[in-house]
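**Student:** Sequence and predicted structure, then a few things I'm wondering about:
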Amino acid sequence: MEHNRAARQRALVQVHLSVFLFGLAGLFGKLLDLPATVIVLGRTGLAALALGGWLIWQRQAIRPASGKALLGLALLGMLLAFHWVSFFRSIQLSTVAIGLLTFSSFPVFVTLLEPVLLKTPWLWRDGAIALLVVIGVALVVPNYRMGSETTSGILWGLLSGFSFALLQLLNKGYRQHYSALVIAFHQNLWAALSLAIVSPLGSLTITAEEFAWLLVLGVLCTAIAHTLFIESLAVLRTQVASVISGLEPVYGIALAALLLGEIPTPRTLAGGALIIGATMLASELSRQTSP
């Protein structure tokens, strides 16, 4: 009993630390004066090196079983690249709070996309939850001028949430055959390779300080955070981890206020509370209806 309690406490610390690091990652959109594609290239490239080194150290098989599986993981890696580029672009154009909160809409996109992609039944409450998120996003928007950078940042944030939801749904088939770390390695690798083609590297100079920040982002906030989160799932129920994941924007907004001086407005906080509440409700209802 004591051993189980200690293992659960350790897992809770691991999942909170991983979510804290995921929230910290959003700050790099402001800390690094680099194009979003370059930030994500550094993040995914360094994460792939760290994950690949860990898998080799653990003597785990890395190569997919077939060329078709490799192609699928490569395409999902490109989708991951788009997700993170849109996420950092959102933060660069608006604020850390807005980028994190609009991205946090992804569970609702999962709810809307799942009946289409996986042929699951549509429930009226799914539409009601989606409506709550729409209201939350409407509160987050400070003005409705389409040419404003903040509005563009919100649109990029919603694209980030949509692409992440799509990535999670398309990952389901691969999770039956490969570990989460193997999937993460391949997707980070192919994300980096695809971004190396489109990033303006030839005309770019990265300082030692910027490289150090990229190292923190890629290794600590991506590879290590992902590993801690996956390890916690060996002890905790997925539902518990999912609810704790809802704290990511809370951690991120608090860190942005503390380190960057970005204080969200009451309207942004109200919209954020509605978005986070709706996504947690969606997770809980999903758990209750799962077989």
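**Tutor:** The structure has been received and is ready for your questions.

**Student:** Run through the stretch 151-291 of the chain and note the low-pLDDT ranges.
**Tutor:** Applying pLDDT under 70 to the stretch 151-291 of the chain picks out residues 233, 237-243, 279, 282-291.

**Student:** so where do the strands sit in it?
**Tutor:** For the stretch 151-291 of the chain, no strands turn up when DSSP state E, counting those that start in this stretch is the criterion.

**Student:** how about the helices in it?
**Tutor:** Secondary structure of the stretch 151-291 of the chain by DSSP state H, counting those that start in this stretch: the helices cover 180-198, 208-215, 225-232, 238-245, 248-255, 266-289.

**Student:** tell me which residues in the first one are buried?
**Tutor:** Spelled out, it's helix 180-198. Neighbour-count burial for helix 180-198 flags 180-195 (criterion: 16 or more other C-beta atoms under 10 Å). For the C-beta atoms, the positions are set from N, CA and C on the backbone; glycine is no exception.

**Student:** Check the second one too.
**Tutor:** Neighbour-count burial for helix 208-215 flags Glu210, Trp213, Leu214 (criterion: 16+ other C-beta under 10 Å).

**Student:** Roughly how far does the first one sit from Gly26?
**Tutor:** When distances are taken as C-beta to C-beta, to the nearest Å, Glu210 and Gly26 turn out to be 17 Å apart.

**Student:** repeat for the second one
**Tutor:** Note on Trp213: its distance to Gly26, by C-beta to C-beta, is 13 Å.

**Student:** List the contacts of the nearest residue to Leu215 once chain neighbours are set aside.
**Tutor:** Nearest residue to Leu215 in three dimensions, chain neighbours excluded: Leu46, at 6.0 Å (C-beta to C-beta, 6 or more residues apart in numbering). When contacts are counted by C-beta atoms under 8 Å, 6 or more residues apart in numbering, Leu46 is found next to Leu214, Leu215, Leu217, Gly218, Val219, Thr222, Ala223.

**Student:** how distant is stretch 73-89 from the center of its chain?
**Tutor:** 10 Å (C-alpha atoms, centre = their mean, to the nearest Å).

**Student:** What average pLDDT does that stretch get?
**Tutor:** Average pLDDT, stretch 73-89: 94.

**Student:** Please identify the buried residues of that stretch?
**Tutor:** Buried, per 16+ other C-beta under 10 Å, within stretch 73-89: 73-74, 76-77, 79-89.

**Student:** So Gln92 sits against Gly29, correct?
**Tutor:** Yes: under the criterion of C-beta atoms under 8 Å, Gln92 makes contact with Gly29 at 5.2 Å.

**Student:** More neighbours: which of these two?
**Tutor:** More neighbours surround Gly29 than the other of Gln92 and Gly29, with 25 against 21 (other C-beta atoms under 10 Å).

**Student:** Can you read off the pLDDT for that one?
**Tutor:** Gly29 carries a pLDDT value of 88.

**Student:** List the contacts of it.
**Tutor:** In this structure, Gly29 makes contact with Ala36, Ile39, Phe87, Phe88, Arg89, Ser90, Ile91, Gln92, Val96, Gly99, judged by C-beta under 8 Å, 6+ apart.

**Student:** switch to 10 Å and redo it
**Tutor:** 36, 39, 87-96, 99-100, 153, 217, 256 (C-beta atoms under 10 Å, 6 or more residues apart in numbering).

**Student:** and if you look at Phe103?
**Tutor:** 26, 83, 86-87, 90-91, 156-164, 248-249, 252, 275.

**Student:** can you rerun that using 6 Å?
**Tutor:** Shown in contact with Phe103 (C-beta atoms under 6 Å, 6 or more residues apart in numbering): Phe87, Gly157, Ser160, Gly161.

**Student:** Please identify which of the residues you listed is nearest to Phe109.
**Tutor:** Gly161 (5.7 Å; C-beta to C-beta).

**Student:** Distance of the closest one relative to Val108?
**Tutor:** 8 Å.

**Student:** same check, this time on Leu260
**Tutor:** From Leu260 to Val108 the distance is 28 Å (C-beta to C-beta).

**Student:** Can you pick out the residue with more neighbours from those two?
**Tutor:** Shown here are Leu260 and Val108; by other C-beta under 10 Å, Val108 has more neighbours (27 against 13).

**Student:** and the helix or strand hosting that one, what other elements does it pack with?
**Tutor:** Using DSSP states H and E, Val108 sits within helix 106-117. Helix 106-117 makes packing contacts with helix 124-140, helix 149-175, helix 266-289 when contacts are defined by 3 or more C-beta pairs under 6 Å, 6 or more residues apart in numbering; DSSP states H and E.
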